[in-house]
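Asker: One predicted model, sequence on top.
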Amino acid sequence: MAEFRQVEQAGVERRAMLKGTLGAAAMMGLQACAPAARTERPATMMAPGRKTALVPIRITRDQLIDVKCCIRPLRAAGPNLGSDVVGDTLVIHNYGHGGSGWSLSWGSADIAVGKALSVLPREIAVVGCGIIGLTSAVMAQRAGLKVTLYARESIQQTRSFRASGSFTPDSRVALTDPAGPAFGDVWERMARFSWKAFRTYLGLPGHPVEFNDSYQLSDTPITRRVWPADPAITQSFATSGRPRQNSEFGHYSDRIRDIVPQAQPLSDEENPFPVAHARRSSHMIFNFASYAHVMLGEFFERGGQFVMKDFYSPADYAALAEKVVINCTGYAARDLWQDKTVIPVRGQTGWLVPQPEAFYSVRYRNVSLTSKRDGIVVMNTNPDLGEMLGVGDSMELPNVADIEQGLEILSPLFSPPVVERS
């Protein structure tokens, strides 16, 4: 009994010591978490005489971590949403969205899956794992279908992951005359459906979809640029199979002005940049890594199967076990389906280290910066070429000099910063 009391006493002493140690540690932790008497906030940028401040984006060359090149599949008549029968297989096409693939992905998938459901299948195949293919697969699963996704690569290796990642639903999506007046209604249906679908991802962990402020800046008054037909250019898509000037491109964004935030002019006091004119809007952006993670997670949780496979001709579709196939092969459809109406449009993005404290976008002269969770996207374009930039160019090798030039152009916007202290 005496030995038991000694052991019990030792246990009490150890517990008391441990309690005291933990208590001291807790107090130290609380003290460490307490605000210091003097704090320093990040350096902010504010033009003289202005009252609005922003944390400047660091755009030095050492922040550049990647340059990506992407080929956007433009079809003059708009995306191919038609169908073919190959042997005993119904193939529903869903490709050719130009620079609007991400933006129209849900609405386009809604149309393609609706056509697949018309023949009452229990299972279907989807070919292609870019954003159009993956979205079509998930959309089909939500409709109750068993889905097998065939592709030579997952979404992280596709051209979709080399895009800029913002909502641009009428970027090089069609040419006005070949698309015809009826395409506007189809486009609007896709755009509105996609807009609502993307909004269901707002606020999720990882922020797959979110909004940030976008500033359009200019040294001269900002006006909407109009591209009238140039009578000196005698060729057109109708005569050469390729667009020859900006006036040939269709623009449909006015159809959804009621749901998409529009740019508003800023007063001199509201403008934090050292330029004379600025407009601000709220812009929807997509964070590729988290969005792909969410989409792939849903696909596999719903029982989806992924098969790595190459396709060399339409006959390969007929060899699949599934007799309804949604074809989402993007630019590859030009060769795979011999669809020579697919026109390559080269695009390039530079990627800076993510800077979450500087979460906004800027467009100035011919350069844009879009701050996202997965990096700051830099695009340097030629304003004189407009929509014609990159048309007919299938070169996918990056050119870092263009990105470096863009950083130099924007550099004066972000220096010198004003350091605020409290």
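Answerer: Arrived safely, thanks for sending. If you're wondering where the values come from, they're calculated on a predicted model, not measured in any experiment.
Asker: Pretty sure residue 139 sits in a strand.
Answerer: No - read with DSSP: H, G, I helix; E, B strand; the rest coil, residue 139 is helix and lies in no strand.
Asker: So, low pLDDT: which residues of this protein?
Answerer: Along the chain, segments meeting pLDDT under 70 span 1-52, 416-422.
Asker: And the strands in it, which stretches?
Answerer: Under the criterion DSSP state E, strands of the chain are mapped to 64-75, 83-86, 89-93, 123-127, 146-151, 209-218, 264-265, 277-286, 305-308, 324-327, 342-352, 360-364, 367-372, 375-380.
Asker: want to try CSV for those strands, with distance to residue 399 and mean neighbour count as columns?
Answerer: (Each C-beta comes from the backbone N, C-alpha and C, glycine too.) What follows is the strands of the chain, written out as CSV (distance: least, Cβ to Cβ, whole Å; neighbours: other Cβ atoms under 10 Å):
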stretch, distance to residue 399, mean neighbour count
strand 64-75, 8, 21
strand 83-86, 38, 14
strand 89-93, 32, 21
strand 123-127, 31, 26
strand 146-151, 28, 22
strand 209-218, 25, 19
strand 264-265, 35, 12
strand 277-286, 24, 20
strand 305-308, 31, 13
strand 324-327, 32, 27
strand 342-352, 7, 22
strand 360-364, 21, 20
strand 367-372, 15, 23
strand 375-380, 10, 22
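Asker: which residue is nearest the middle of this structure?
Answerer: In the chain, the C-alpha nearest the mean C-alpha coordinate belongs to residue 165, at 1.6 Å (Cα atoms, centre = their mean).
Asker: residues in contact with the nearest residue to that residue once chain neighbours are set aside?
Answerer: Nearest residue to residue 165, sequence neighbours excluded (Cβ to Cβ, 6 or more residues apart in numbering): residue 286, at 4.4 Å. For residue 286, the contacting residues are 102, 165-167, 198, 208-209, 372, by Cβ atoms under 8 Å, 6 or more residues apart in numbering.
Asker: quick one on the thing from earlier: in CSV, list the strands of the chain along with distance to residue 56.
Answerer: Listed next are the strands of the chain as CSV, based on distance: least, Cβ to Cβ, whole Å:
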stretch, distance to residue 56
strand 64-75, 16
strand 83-86, 52
strand 89-93, 46
strand 123-127, 44
strand 146-151, 41
strand 209-218, 13
strand 264-265, 22
strand 277-286, 15
strand 305-308, 43
strand 324-327, 45
strand 342-352, 13
strand 360-364, 10
strand 367-372, 11
strand 375-380, 12
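Asker: Out of these, which gets nearest to residue 297?
Answerer: The closest of these to residue 297 is strand 305-308. By Cβ to Cβ, the value is 12.7 Å.
Asker: who does the closest one pair up with?
Answerer: strand 146-151 (parallel) (DSSP bridges).
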